[in-house]
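Chemist: here is the input, now give the coordinates:
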Amino acid sequence: MSANSEAWNAIDVVVRVVVLPKHLHARPAGQIAQLAARHQPNAVELVAGERRANARSVLAVMGLGAVSGSEVRVEVAGPDAATVADEVVEILLSPEIDG
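Modeler: Alright, predicted model coming up:
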């Protein structure tokens, strides 16, 4: 059994569903990947339609093809699941700042 699958069998599993206010492109994907990397004991995945992505991979997150209005599931398993899930949702819902 892999470490990732063991994390999904952990006691703390949190799921949040978000409707994107903007396209999921490189900047928020990078922020989510950095967040997931900082929380190594947690398994973090995003799901959009039939596609699933390990949140530690910027390319995988961007590969979801999630655009404005898409529903995205944030699935986190591990000791800080609720905190990590809330932080991912915050990134997904934050307005785009030009500049």
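
Chemist: ranges for the strands of this protein?
Modeler: For the chain, the strands defined by DSSP state E occupy 13-19, 43-48, 51-54, 71-77.

Chemist: report the angle between the second one and strand 13-19.
Modeler: Read it as strand 43-48. Angle of strand 43-48 versus strand 13-19, following axes from the mean of the first three to the mean of the last three Cα atoms, to 10 degrees, is 30 degrees.

Chemist: and the residue nearest the centre of the chain?
Modeler: By Cα atoms, centre = their mean, the mean C-alpha position of the chain lies nearest to Leu46, the distance being 4.4 Å.

Chemist: my guess is that residue meets Ala33, correct?
Modeler: No - here Leu46 does not reach Ala33: they are 10.5 Å apart, not a contact under Cβ atoms under 8 Å. C-betas here are computed from N, CA, C, even on glycine.

Chemist: between those two, what contacts are shared?
Modeler: With contacts taken as Cβ atoms under 8 Å, 6 or more residues apart in numbering, the residues that reach both Leu46 and Ala33 are 55, 61.

Chemist: which of the strands of the chain has the highest mean neighbour count?
Modeler: Highest mean neighbour count among the strands of the chain (mean count of other Cβ atoms under 10 Å): strand 43-48, with a mean of 22.

Chemist: who's in contact with that one?
Modeler: Residues contacting strand 43-48 (Cβ under 8 Å, 6+ apart): 4, 7-8, 24, 32, 35-36, 52-56, 61, 64-66, 70-78, 84, 88.

Chemist: tell me the strands beside that strand, with direction?
Modeler: strand 51-54 (antiparallel), strand 71-77 (antiparallel) (DSSP bridges).
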